[in-house]
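S.K.: Sequence and computational prediction follow.
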Amino acid sequence: MTDTGAPTLATVLRNQFELTWALAEVHLGPLTDDDLLRAPAANHWTVRRDGDGTWRPDWDLDEDGREPDPVPALTGAWVSWHLGWWWTTARDHLRGLEPPRREDVTWPGAATETVIWLRGLADDWRTLLTDLGNDPDALAAPAPYPWPPGSDRTVADTLAWANAELMKNVAELGQLRMLRHADAPPQSD
């Protein structure tokens, strides 16, 4: 077989992540507490402080584990919590660690801390992509998440899913922020 010069799967996954993360940084830099906590509709999910002051997400599923119909609109805080939760879970599964329960992943409580949290997860993910890309068998190994054991999915599928989920969450955060600021008067220099 001849080398076609095509990038490896590991390189494509890494480049896809880096492109998505560059788009994330466009929205994360100017993010404010108000951007994150603004309710986009009366029917919405957000994060709320519990009696201990810990920020916990709304998560109201029916007895069969289904979301309400209609699905509530999401605040930026909820989206950022969700991003941090699934990313932590995926990272830990891929590292062979026991992931935290959803209930144990809480929102940091402010835009500054949220951005620090998400940037830390991005750094972890970058390292994970490098580590997996350096192991010739790693990407073809069975996926530990988000599919059930015995699926035909691989670690490469998990990485591609995570990149797509990240892209979706970044777009949601950006859209919420742009809608909030769309009617604001222009900033003067």
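M.R.: The structure has been received and is ready for your questions.
S.K.: which SS state does the residue positioned nearest the centre of the chain fall under?
M.R.: Central residue of the chain (Cα atoms, centre = their mean): Leu83, 2.6 Å from the mean position. The local conformation at Leu83, judged by DSSP: H, G, I helix; E, B strand; the rest coil, is helix.
S.K.: Confirm for me that it is in contact with Lys168.
M.R.: No - counting by Cβ atoms under 8 Å, Leu83 does not reach Lys168; the two are 9.2 Å apart. No exception for glycine: its C-beta is placed from N, CA and C like everyone else's.
S.K.: taking the mean pLDDT, what do you get for stretch 33-50?
M.R.: Throughout stretch 33-50, pLDDT has a mean value of 96.
S.K.: what's the first-to-last distance across it?
M.R.: 18 Å (Cα to Cα, to the nearest Å).
S.K.: Give me the below-cutoff pLDDT ranges for the chain.
M.R.: Across the chain, the ranges flagged by pLDDT under 70 are 1-3, 189.
S.K.: would you list every one of the helices in it?
M.R.: 9-28, 33-37, 76-94, 111-133, 155-181 (DSSP state H).
S.K.: so which of these is the most packed in?
M.R.: Highest mean neighbour count of the helices of the chain: helix 76-94, a mean of 22 (counted as mean count of other Cβ atoms under 10 Å).
S.K.: and it, what does it pack onto?
M.R.: helix 33-37, strand 47-49, strand 55-57, helix 111-133, helix 155-181 (3 or more Cβ pairs under 8 Å, 6 or more residues apart in numbering; DSSP states H and E).
S.K.: Make TSV from the helices of the chain and add distance to Arg102 to it.
M.R.: Putting the helices of the chain into TSV (distance: least, Cβ to Cβ, whole Å) gives the following:
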stretch	distance to Arg102
helix 9-28	22
helix 33-37	19
helix 76-94	6
helix 111-133	16
helix 155-181	15
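S.K.: So for Asp64, which of the ones you listed sits nearest?
M.R.: With Cβ to Cβ, the closest approach to Asp64 among the helices of the chain belongs to helix 76-94: 20.3 Å.
S.K.: How about Ala122: what's its closest non-neighbour residue?
M.R.: Spatial nearest neighbour of Ala122, chain neighbours left out: Trp21 (5.4 Å); criterion: Cβ to Cβ, 6 or more residues apart in numbering.
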